[in-house]
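Chemist: Pasting the sequence and the predicted coordinates here, then a few questions.
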Amino acid sequence: MLLHTMARFTASVGVIILLGFIDISAANKDACELYAAVGQSLTLPFVYEGLANSHVLKWTHNNTLIFYRDQGKVSVGKPQDITATGSLLLKNLAFSSAGTYQTQVLLNGTLVKTWTNRLCVMDKVSKPELSYVCDFKSSAVKLNCYVAKPQGLVYSWTLDGKTLTSETMQTLSISLTQLKGERSFTCSVANKASKESSEVVRPTCKSPPPPPASLLCFPQKTVVAVLAGGAALIFLLLIITMVLCCRHRRNKTHMRRRDKEELRMLSVNKRDPDSTGPVYETMHPNENSPPPSPQPSPKACYQKVSQPEVQSENRLAQLSTTAEGQKPSPVPKPRTKNPQTANM
């Protein structure tokens, strides 16, 4: 029973170890020994110093034959793509160029040397842009290394040409006290296939002027708020004044029009009196209308004349009545003094 248990334990350990080796080999198979950027050229680092025309040189990419030379005659590929030591030159790389490359050197059918490596092709990093901001509150200058695609990139910084080994982030903060004099900064971004550096930047941070003294010992925000409120109140008063002026002018214009209308009506009444006026009622009395008031006689109108003139007029009236045969005159007529004196 004990032996059976130990056998099972030993088998389990062996399986675990075997699986570990399989995982390691798979990881090594997927790992890349060579890296290159898209559009670049790369010479695969294979060297065989004793290579001659009597050797057979063969290159494969992902188990596909891409170059074959036997007895100095090239049947697959181009002769100019092979160096004197048997290295293969790859031009204008693309993502499809990635994969496993293998070479073999044979002499009289016997394998002399072999070489295998895996190539990974990546995007070329773009040139970074370096900018800075002066932060006087924290007494520091903050630099930012901007790049379009920052994923998987490694950052590095240089100050006056010296690499800052402890700085590997996208941003860098330097105290303003360290900027005495002219200091130059550059940043670099890199991946496993390419590297690019920014232009040199020399930050200049001048202290801002002191803020103006607050008015009347009040905070600046309070003064600004009071001024804004006063301006708003003045504007409101102007609007109210304009509205009142407009209403007053409108009322005044309306009154003028009403007065003109009344004057016009009065003038029309004077020109064309009402048909039911006193004169019409006198000439055409109605049954229900009150009797007309007695009008003063012509004699009464002439009673206001001076007494001598009245007496002379009475005498003339009597003489004229006698002469005409005792016919009374319906309406006495005034006469001037000169004819009256002649009759006398």
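Modeler: Looks like it came in fine.
Chemist: Which positions within stretch 67-85 qualify as buried?
Modeler: By 16 or more other Cβ atoms under 10 Å, the buried positions in stretch 67-85 come out as 67, 69, 77, 81-82. Heads up, the C-betas are built off the backbone N, CA and C, glycines and all.
Chemist: now do stretch 115-122
Modeler: For stretch 115-122, burial by neighbour count (16+ other Cβ under 10 Å) applies to 115, 118-122.
Chemist: TSV for the residues you listed, including secondary structure and pLDDT?
Modeler: Shown next, in TSV, are the buried residues of stretch 115-122 (DSSP: H, G, I helix; E, B strand; the rest coil; pLDDT from 0 to 100):
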residue	secondary structure	pLDDT
Trp115	strand	95
Arg118	strand	96
Leu119	strand	95
Cys120	strand	95
Val121	strand	94
Met122	strand	92
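Chemist: Enumerate every residue touching the residue nearest to Ser97 when sequence neighbours are not counted.
Modeler: Distances taken as Cβ to Cβ, 6 or more residues apart in numbering put Val121 closest to Ser97, at 5.4 Å, once the chain neighbours are dropped. Neighbouring residues of Val121 by Cβ atoms under 8 Å, 6 or more residues apart in numbering: 35-38, 93-95, 97-98, 193.
Chemist: Glu129: neighbour count?
Modeler: When neighbours are defined as other Cβ atoms under 10 Å, Glu129 has 14 of them.
Chemist: whoops, Arg249 was the one
Modeler: 10.
Chemist: count of neighbours near Glu182?
Modeler: Glu182 - counted by other Cβ under 10 Å - has 9 other residues nearby.
Chemist: My read is that it contacts Arg202, right?
Modeler: Yes - with contact defined as Cβ atoms under 8 Å, Glu182 reaches Arg202; the gap is 5.6 Å.
Chemist: mind showing which ranges of the stretch 1-150 of the chain have poor pLDDT?
Modeler: 1-30 (pLDDT under 70).
Chemist: Swap in 90 and give it another go.
Modeler: 1-32, 50, 53, 71-72, 108-109, 135-139, 148-150 (pLDDT under 90).
Chemist: how about the helices of it, start to end?
Modeler: Applying DSSP state H, counting those that start in this stretch to the stretch 1-150 of the chain gives helices spanning 2-30.
Chemist: try the stretch 151-300 of the chain
Modeler: Along the stretch 151-300 of the chain, counting by DSSP H, counting those that start in this stretch, helices occupy 220-271, 278-283, 298-302.
Chemist: any chance of those helices in CSV, plus distance to Thr43 and mean pLDDT?
Modeler: Output for the helices of the stretch 151-300 of the chain, formatted as CSV (distance: least, Cβ to Cβ, whole Å; pLDDT from 0 to 100):
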stretch, distance to Thr43, mean pLDDT
helix 220-271, 68, 83
helix 278-283, 135, 47
helix 298-302, 149, 42
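Chemist: Of all the ones you listed, which one comes closest to Leu172?
Modeler: helix 220-271 (34.3 Å; Cβ to Cβ).
Chemist: who does the closest one touch, helix- and strand-wise?
Modeler: Here helix 220-271 touches no other helix or strand, going by 3 or more Cβ pairs under 8 Å, 6 or more residues apart in numbering; DSSP states H and E.
Chemist: Tell me the one of the contacts of Val121 nearest Cys245?
Modeler: Distances from Cys245 to these, taken by Cβ to Cβ, are shortest for Val38, at 77.6 Å.
Chemist: Pull the contacting residues for that closest one.
Modeler: 93-95, 121-124.
Chemist: go with 6 Å
Modeler: Residues in contact with Val38 (Cβ atoms under 6 Å, 6 or more residues apart in numbering) are Asp123.
Chemist: same check, this time on the one 3 residues further on
Modeler: For Ser41, the contacting residues are Lys91, taking Cβ under 6 Å, 6+ apart as the criterion.
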